[in-house]
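Student: Quick check, what structure comes out for this input:
(one chain, ligands or ions: 1)
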Amino acid sequence: MILIIGAGMAGVTLARYLSSRNIPFRVFDQQAEFKNQGFGLTLRGDTISKLLPLLSLKEQELGPAVAVDRKTGKTNAFLVNVVTGERFAAASFKEGASTRDFRTNRERLRGVIMGDVAGSVEYGCKLVSFMLTTSGVRVVFENGVDVEGSVLVAADGVHSFIRSRLLPHCVPQDWDGVMLNGTCRFPITEWNAKIGPHIGDAAVYPGFGDQKVLAITIYDADWDPYSGYVNVSWGYSRRRKQGDDPLFVRYAERGFDKAKAPDAFWDEIAALPPRDLVEPFRTIFEGMRKRGDRTIHHQLVSLLVPKEDLLSKLQSDKVVFIGDAVHDWSNHAGTAANAAIQDALALGEVLQTKAQLGEYYEDRYPSWLESYEKNGEDFQALHRPIKEWRALLDAQDVEQEKAELRMNAAPAAQL
Ligand SMILES: Cc1cc2nc3c(=O)[nH]c(=O)nc-3n(C[C@H](O)[C@H](O)[C@H](O)COP(=O)(O)OP(=O)(O)OC[C@H]3O[C@@H](n4cnc5c(N)ncnc54)[C@H](O)[C@@H]3O)c2cc1C
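Tutor: Numbering: from 1, shown residues only. Now for the predicted structure:
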């Protein structure tokens with residue numbers, strides 16, 4: 001019996017895999033019931049390839065089922081200067097991005113991944129202790145449930161209780177950035193009048209300013225021309241300021257209320273100033289306080305548990321880690337959940353073939369290390385000072401002029 005702690009993206013993917021291979025498992029989560037954990041998630045081409053066989057779906061069936069806009073979930077191939085409206089052509093700053101990548105609605109993606117194991121998740125089970133037994137592991141939950149299994153899978157996220165007990169020295173490091181998200185809904189008529197004409201058919205519309213990114217993303221939509229709506233998730237992120245930064249949150253700060261944006265955030269938004277923003281950034285960012293948008297204030301961290309520690313805990317405690325419990329990096333990399341899904345699939349395969357569990361780490365560790373070491377390069381690139389953006393835009397103009405000259409010269413040369 002495989003015991004999985006955590007029904008996030010990693011835990012449910014593993015549960016589905018084990019179910020599909022008739023391998024006994026139980027999956028527990030501390031939440032009282034399923035609560036949506038975030039809004040959108042970019043699914044990468046390589047993850048899609050690995051997931052499709054498990055889901056028994058074709059790529060063209062998965063897209064509309066989980067894409068944020070219920071169409072294509074397309075990301076723009078450019079970033080917009082939020083004050084001048086100039087476009088900087090960047091297919092993507094993100095490591096490993098491909099044209100197959102698309103933006104998914106987390107809730108629907110998690111639902112599709114879970115499939116018929118949805119009813120197996122045991123909610124209201126907060127792990128409070130675990131121990132080695134002669135035959136495997138025993139876990140005890142706050143509600144008194146007490147279960148034995150052969151292997152314990154820590155899929156309990158970045159604040160992993162299991163990691164904190166077994167490897168207290170492996171603490172996520174603070175990340176020098178600030179990030180807040182929020183959500184709002186536009187009736188379809190308002191969307192079509194104010195936002196749609198600017199965004200077109202993209203579901204992700206990123207903009208840049210001085211060391212900051214203002215992003216607009218659809219996270220769900222109903223395109224009925226009369227009763228439809230578009231749900232938007234906006235993002236505001238920037239580099240950490242020198243000295244005291246009122247929006248910077250340390251990992252150790254557990255007391256802060258992530259659902260309440262501090263006054264300093266509203267002051268910062270008011271100082272942008274919204275009236276100088278081009279549309280659709282103006283409508284989204286100018287109106288957020290008046291609309292009463294729900295906000296989330298993120299703690300940005302970076303983590304990779306050393307491989308020797310992982311292998312030693314596998315031997316001594318029969319515990320194996322997947323997802324954010326073992327690695328985490330900047331949200332802007334847009335790869336952590338993809339890694340979590342791929343971890344679950346890799347571990348499932350090792351469990352199925354009854355290979356040594358250490359092989360799972362041999363398989364996955366090199367890619368974790370690569371992402372961890374590159375962690376933040378994209379964050380710095382996206383949040384560069386406006387002077388650097390200016391230089392990039394000017395260089396882009398020069399390149400465009402040269403390309404036009406070449407195009408015009410080509411027919412003459414053929415004569
Ligand atoms: C704003 C934002 C945007 C992001 N965008 C992207 C993106 O575009 N692409 C991408 O790849 N990644 C993205 N990520 C990262 C991604 O969200 C995470 O990497 C992913 O959700 C991790 O999944 P997980 O299953 O490992 O952990 P989690 O989703 O955190 O799940 C852990 C589960 O364990 C449960 N749990 C915890 N402790 C206990 C306990 N003691 N007992 C029982 N249950 C417990 C929790 O309730 C939770 O359900 C983003 C993250 C953020 C914050």
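Student: C-alpha from now on. contacts and neighbour counts both.
Tutor: Will do.
Student: Give me every residue in the chain that's in contact range of the ligand.
Tutor: Listed as neighbours of the ligand in the chain under the rule Cα under 6 Å from any ligand atom: 5-11, 28-31, 41-42, 125-127, 155-157, 160-161, 323-325, 331, 334-338, 340.
Student: now those: which count as buried?
Tutor: Neighbour counting over these (16 or more other Cα atoms under 10 Å) leaves 5-11, 28-30, 41-42, 125-127, 155-157, 160-161, 323-325, 331, 334-338, 340 as the buried ones.
Student: mind listing which of the residues you listed are in helices?
Tutor: Cross-referencing those against helices under DSSP state H gives 9, 10, 11, 161, 336, 337, 338, 340.
Student: contact partners of stretch 100-111?
Tutor: 9, 12, 36-45, 65-68, 72-75, 118, 203-204, 219-220 (Cα atoms under 8 Å, 6 or more residues apart in numbering).
Student: C-alpha coordinates for it, PDB please?
Tutor: C-alpha atoms of stretch 100-111 as PDB (Å, rounded to 0.1, in the frame of the first residue of the first chain):
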ATOM      1  CA  ARG A 100       2.800  23.300 -27.700                       C
ATOM      2  CA  ASP A 101       2.800  25.000 -24.300                       C
ATOM      3  CA  PHE A 102      -0.600  26.400 -23.300                       C
ATOM      4  CA  ARG A 103      -2.300  28.000 -20.300                       C
ATOM      5  CA  THR A 104      -4.600  25.700 -18.400                       C
ATOM      6  CA  ASN A 105      -7.200  26.300 -15.700                       C
ATOM      7  CA  ARG A 106      -5.800  24.600 -12.600                       C
ATOM      8  CA  GLU A 107      -9.100  23.300 -11.300                       C
ATOM      9  CA  ARG A 108     -10.100  21.700 -14.600                       C
ATOM     10  CA  LEU A 109      -6.600  20.300 -15.200                       C
ATOM     11  CA  ARG A 110      -6.600  18.800 -11.700                       C
ATOM     12  CA  GLY A 111     -10.100  17.400 -12.300                       C
END
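Student: What average pLDDT does it get?
Tutor: Stretch 100-111 shows an average pLDDT of 91 in the prediction.
Student: Kindly report the same for stretch 14-23.
Tutor: 98.
Student: So what's the gap between it and the chain middle?
Tutor: Using Cα atoms, centre = their mean, to the nearest Å, the mean C-alpha position of stretch 14-23 is found 24 Å from that of the whole chain.
Student: Okay, helices next: where are they in the stretch 151-300 of the chain?
Tutor: Per DSSP state H, counting those that start in this stretch, the stretch 151-300 of the chain carries helices over the ranges 161-166, 188-190, 196-199, 263-270, 281-291.
Student: Turn those helices into a markdown table, including mean pLDDT.
Tutor: What follows is those, written out as a markdown table (pLDDT from 0 to 100):
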| stretch | mean pLDDT |
| --- | --- |
| helix 161-166 | 98 |
| helix 188-190 | 97 |
| helix 196-199 | 94 |
| helix 263-270 | 94 |
| helix 281-291 | 93 |
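Student: Would you format those helices as CSV with distance to residue 16 included?
Tutor: Shown next, in CSV, are the helices of the stretch 151-300 of the chain (distance: least, Cα to Cα, whole Å):
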stretch, distance to residue 16
helix 161-166, 22
helix 188-190, 36
helix 196-199, 36
helix 263-270, 40
helix 281-291, 38
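Student: which regions of the protein sit below the pLDDT cut-off?
Tutor: Applying pLDDT under 70 to the chain flags residues 36-38, 91-98, 330-333, 411-415.
Student: Could you pick out the longest helix of it?
Tutor: Every helix in the chain considered (DSSP H), the longest is helix 386-414.
Student: before we move on, the earlier item: farthest pair in the ones in helices among the buried ones among the residues of the chain next to the ligand?
Tutor: 161 and 338 (22.0 Å; Cα to Cα).
Student: still on that earlier bit, among the ones in helices among the buried ones among the residues of the chain next to the ligand, which one lies nearest to residue 243?
Tutor: residue 336 (29.1 Å).
Student: Who is residue 122 paired with across the strands?
Tutor: Here residue 122 sits in beta bridges with residue 28, going by DSSP bridges.
Student: residue contacts, it?
Tutor: Counting by Cα under 8 Å, 6+ apart, residue 122 has contacts 26, 27, 28, 29.
Student: Which one of those is nearest to residue 351?
Tutor: Comparing those against residue 351 with Cα to Cα places residue 26 closest, at 14.4 Å.
Student: Next, count neighbours for residue 78.
Tutor: 16 (other Cα atoms under 10 Å).
Student: ok, now the one 3 residues further on?
Tutor: For residue 81, the tally of surrounding residues (other Cα under 10 Å) stands at 23.
Student: Check residue 260 too.
Tutor: Neighbourhood size, residue 260 [other Cα under 10 Å]: 11.
Student: quick one: it and residue 292 touch, right?
Tutor: No. If you go by Cα atoms under 8 Å, residue 260 and residue 292 don't touch, sitting 11.4 Å apart.
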